[in-house]
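*Asks:* Dropping a prediction and its sequence here:
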Amino acid sequence: MSETLEAAMVICFGISWPMSIVKSYKARTSKGKSLIFMTLIWIGYICGIGSKLVSSKITYVFIFYVINLIMVSIDIFLYFRNLKLDKLADNK
């Protein structure tokens, strides 16, 4: 049961990140995004992955941690791209 609940939690986050990525990509601005928040989520996924590896409890949920980590990383990359675009727009 605990694996099912953990999977549901990670999948719900996993559904949210693509929406955030699309919004970041289309908005072309870093305004309204929190780098600290995304970094803390990223660290949380690293800790979750580390926990699975250290405890040798690698189940199907593990892949969702990895996928979510990749998606958060993409959103962080887009934050920096958009920050650069914001600076270029401010200089005009």
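*Replies:* Happy to help now that I have it. Numbering: from 1, shown residues only.

*Asks:* Could you name the helices and strands sitting against the helix or strand hosting Arg81?
*Replies:* Arg81 is part of helix 61-90, with elements assigned from DSSP states H and E. On a contact count with 3 or more Cβ pairs under 8 Å, 6 or more residues apart in numbering; DSSP states H and E, helix 61-90 meets helix 2-27, helix 35-55. Glycine gets a C-beta too; all of them are placed from N, C-alpha and C.

*Asks:* Give me the distance between that helix and the centre of its chain.
*Replies:* When distances are taken as Cα atoms, centre = their mean, to the nearest Å, helix 61-90 is centred 7 Å away from the chain's centroid.

*Asks:* Averaging pLDDT per element, find the lowest-scoring helix or strand in this structure.
*Replies:* Between all helices and strands in the chain, the lowest mean by mean pLDDT, DSSP states H and E belongs to helix 2-27, at a mean of 91.

*Asks:* got the angle between that one and helix 61-90?
*Replies:* 20 degrees (axes from the mean of the first three to the mean of the last three Cα atoms, to 10 degrees).

*Asks:* Excluding covalently adjacent residues, which one is nearest to the residue nearest the centre of the chain?
*Replies:* Geometric centre of the chain, nearest residue: Val72, 1.9 Å, by Cα atoms, centre = their mean. Spatial nearest neighbour of Val72, chain neighbours left out: Trp42 (4.8 Å); criterion: Cβ to Cβ, 6 or more residues apart in numbering.
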